[in-house]
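**Student:** when you get a sec, could you give me coordinates for this:
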Amino acid sequence: MNALAWVNTIIVAFGLPAIAGGLVFLGRKLETIDSIKRDIDGNLRPDIQNVRERMATLEGRTSALFQSNSPISLTAKGRQYLRESGLKDFIDSQKLSLMEQCDHKRSMKTAYDIQQIAFAFFDELDLPEDLEITMKNVAFNQGITLGELRRTGGIYFRDLCLRHFGFSVSHIQD
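**Tutor:** Here you go, the predicted structure:
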C-alpha cells in the first residue's frame, strides 16, 4: 500500500464516522431548537400578548386617554388624540377593509371576543408611513407612547366592530 492509500484508509476509517456523528449531533440540536420554539409559541407568546395588553391598558389609564371602568372607553382627551393623530380618519376611511382583515380566520361570537381581537389586531397593524409619522409627532408632543395611541385606535375600532356585529359597548360586561 502506498502513502495515498493509507491516507485514504484513515480518512474513510475516521472521517466518515466523524461526519455521521456530527450530523447526529446537529440533528439533536435542531430538535432541541424546535422543542424550544414549540414551547415559546405555545406557552410564552400568549403570556407576552397578555402582558402587552395589560401594559397598554395601564398606560392609557394613567395618561387619561381611556377610562379605567369596564368596558374601556375613550375619554375626551383620547378622542382628541385619535383625531389629531389621523387614526380616526384612517379607520373611518378604511373601515370595511380593516374589518375584513381583522375578522379573517378569527371567531367574533361575543362582544369580549370582538374587543380582544380588535385590540390585538390594532397592536400589530402595519400603518401607512405618513400616518406613523403623524402619530409619532402627536405622541412626542403629548408625552404619550405609540402603544397608547394604537390602543385608542383599537378602542375606536372595537366600537365600530361591535356595531357592525350587532353588539353595543355595554355587551362587553355580559
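**Student:** who's in contact with the closest residue to Met135 other than its chain neighbours?
**Tutor:** Take Met135 and drop its neighbours on the chain: the residue closest to it by CB to CB, 6 or more residues apart in numbering is Ser85, 4.6 Å away. C-betas here are computed from N, CA, C, even on glycine. Applying CB atoms under 8 Å, 6 or more residues apart in numbering to Ser85 gives the contacts 131, 134-135, 138-139, 149, 152-153.
**Student:** quick one: mean pLDDT for the strand or helix carrying Asn8?
**Tutor:** Taking DSSP states H and E as the criterion, Asn8 maps to helix 3-10. For helix 3-10, the mean pLDDT works out to 78.
**Student:** same thing with stretch 79-88?
**Tutor:** For stretch 79-88, mean pLDDT is 94.
**Student:** and the residue nearest the centre of the chain, its phi and psi?
**Tutor:** Nearest residue to the geometric centre of the chain (CA atoms, centre = their mean): Glu124, 4.2 Å. Main-chain dihedrals, Glu124, degrees, to the nearest 10: phi -100, psi -10.
**Student:** kindly report the same for Val24.
**Tutor:** The phi/psi pair for Val24 (degrees, to the nearest 10) is phi -60, psi -50.
**Student:** what's the first helix or strand after the least confident helix or strand in the chain by mean pLDDT?
**Tutor:** Ranking every helix and strand in the chain by mean pLDDT, DSSP states H and E puts helix 45-62 at the bottom, with a mean of 63. With elements assigned by DSSP H and E, the helix or strand that comes after helix 45-62 is helix 76-84.
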